[in-house]
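In: sequence? don't have it. structure:
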């Protein structure tokens, strides 16, 4: 029996490694892996009820998808949001995923406008706005270029097109650019959601650093 | 200026878009036909009837290819893509075949030196395999996403549809009598299997797929909020049911002819001789 102990330990080690791999399968994401995982930025903006929304506090322990866009966007934003709404309506998806939409056009995207817009996709989607300075700072915290109106059409914003996916441990390991398909979301969301909230195995850089 | 409908990234708008390439192809299909018939001096009722059928086929082809349906099918909706396919293969192609006079069919095949090839294509088994092979190939996700993304690819796909539509109807309504299968029984079974049964299989995949199959339509700006999944299901339903009236009407006409042929009774008066 004693002679089998190393074998049993080895099997347990392999099994534990497998379990860990299922939770954070490096190289197995359908999304685009970040070179350096990113911690969820500490930002406080205004939600569609007009209340302060602390991103880290309100989404602690939950898989959180953060996207910068604007409600008048005619191409990338509605496609991303429609894809997410379709995926989250599936029965085999985790129930408690937070989708946070941060406007890059706070002048036009009032809380009411954003609520109406997001409700057309999924009433659970969170909309955040703020002053221009706050929104600019939020984009910097995510390491994004600041969205600006295009010179020939001030109603159109050039903005980053990727969705940041934070696992329940508050770390983003992947982003999902425009063109991400539903199969990719369905592959990754359960994996992200399976990462325990307390896990700190992946060294995360501070956002924006 | 674009010559053929292909994928665009802008949201759908009802603003008219001109596709001169489509008009040119339609003119190439119809003007030489009219000139050839006029030169031959064919002005009898049969020639007029055939010309009406042929031009009706070209008009259906044009409506299926051009804005708005052509653009919707190339860029926004799998269901529009499927509607195009059905119009090409089940309406435009048979109308055009019915409208080609025998002398013109012989002349075209002689000039193209394609008599032997078309004779082989008109064998029911070959025609069924070619049609359904092209149906499967041109509805495979990779093919749709690749060909629809550019104008030349989109043009190729539409021409393949027209070709497959012409081929599948050859054994039934070829302008050249020797290409039509002699047996009504064989023709009825052929139409049922080639046009009625086999296409149900890919239609099932579309209807019951767990995800949108085509990135072209999944990532397109939404058309009046219709989700990619629902759009794909509608495409599957169109593929399944839209052919039923054509297939069953064709079979009914052939059964009637077959009955009159075997019973020796003269067939009921019929307007145009659609199926011989």
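Out: Nice, I can see it. What you see is a predicted model; the values in this text were computed from it and never measured.
In: Quick one: neighbours of residue B:177, just the number.
Out: By other Cβ atoms under 10 Å in any protein chain shown, the residues close to residue B:177 number 10. Heads up, the C-betas are built off the backbone N, CA and C, glycines and all.
In: So it is in contact with residue B:102, correct?
Out: Yes. Between residue B:177 and residue B:102 a contact is recorded at 7.3 Å, counting by Cβ atoms under 8 Å.
In: roughly how far is stretch B:47-67 from the heart of the chain?
Out: 12 Å (Cα atoms, centre = their mean, to the nearest Å).
In: let me fix that: stretch B:104-112
Out: Chain-centre distance of stretch B:104-112: 21 Å, with Cα atoms, centre = their mean.
In: ok, residues contacting it?
Out: With contacts defined as Cβ atoms under 8 Å, 6 or more residues apart in numbering or on different chains, stretch B:104-112 is touched by B:33, B:36, B:37, B:100, B:114, B:115, B:118, B:174, B:175, B:176.
In: Which helix or strand contains the closest residue to residue B:192 other than its chain neighbours?
Out: Distances taken as Cβ to Cβ, 6 or more residues apart in numbering or on different chains place residue B:251 nearest to residue B:192, at 6.3 Å, with adjacent residues excluded. Using DSSP states H and E, residue B:251 maps to helix B:244-263.
In: what's that helix packed up against?
Out: helix B:184-190 (3 or more Cβ pairs under 8 Å, 6 or more residues apart in numbering or on different chains; DSSP states H and E).
In: how about the helix it packs on: buried residues?
Out: B:184, B:187, B:188, B:190 (16 or more other Cβ atoms under 10 Å in any protein chain shown).
In: and the residues you listed as CSV, adding distance to chain A and pLDDT?
Out: Shown next, in CSV, are the buried residues of helix B:184-190 (distance: Cβ to the nearest Cβ, whole Å; pLDDT from 0 to 100):
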residue, distance to chain A, pLDDT
B:184, 47, 95
B:187, 43, 97
B:188, 42, 97
B:190, 38, 97
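In: Under a three-state scheme, what state does the residue in the stretch 151-276 of chain B that chain A sits nearest to occupy?
Out: Going by Cβ to the nearest Cβ, chain A is nearest to residue B:211 of the stretch 151-276 of chain B, at 5.1 Å. When classified by DSSP: H, G, I helix; E, B strand; the rest coil, residue B:211 comes out as coil.
In: for residue B:234, what are its contacts?
Out: Residue B:234 makes contacts with B:78, B:79, B:82, as judged by Cβ under 8 Å, 6+ apart.
In: Could you do residue A:160 as well?
Out: Counting by Cβ under 8 Å, 6+ apart, residue A:160 touches A:68, A:139, A:142, A:144, A:145, A:147.
In: Save those residues as JSON lines, and put in distance to chain B and pLDDT too.
Out: Shown next, in JSON lines, are these (distance: Cβ to the nearest Cβ, whole Å; pLDDT from 0 to 100):
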{"residue": "A:68", "distance to chain B": "19", "pLDDT": "98"}
{"residue": "A:139", "distance to chain B": "24", "pLDDT": "97"}
{"residue": "A:142", "distance to chain B": "23", "pLDDT": "97"}
{"residue": "A:144", "distance to chain B": "22", "pLDDT": "97"}
{"residue": "A:145", "distance to chain B": "21", "pLDDT": "95"}
{"residue": "A:147", "distance to chain B": "19", "pLDDT": "94"}
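In: which secondary element of chain A has the worst mean pLDDT?
Out: Sorting the helices and strands of chain A by mean pLDDT, DSSP states H and E puts helix A:5-23 at the bottom, at a mean of 39.
In: what about the next helix or strand after that helix and chain B, touching?
Out: Going down the chain from helix A:5-23, the next helix or strand is strand A:32-39, by DSSP H and E. No. Taking Cβ under 8 Å from any Cβ of the partner chain as the criterion, strand A:32-39 and chain B are apart, separated by no less than 15.9 Å.
In: Next, the buried residues of strand A:32-39.
Out: Under 16+ other Cβ under 10 Å, the buried positions of strand A:32-39 are A:34, A:37, A:38, A:39.
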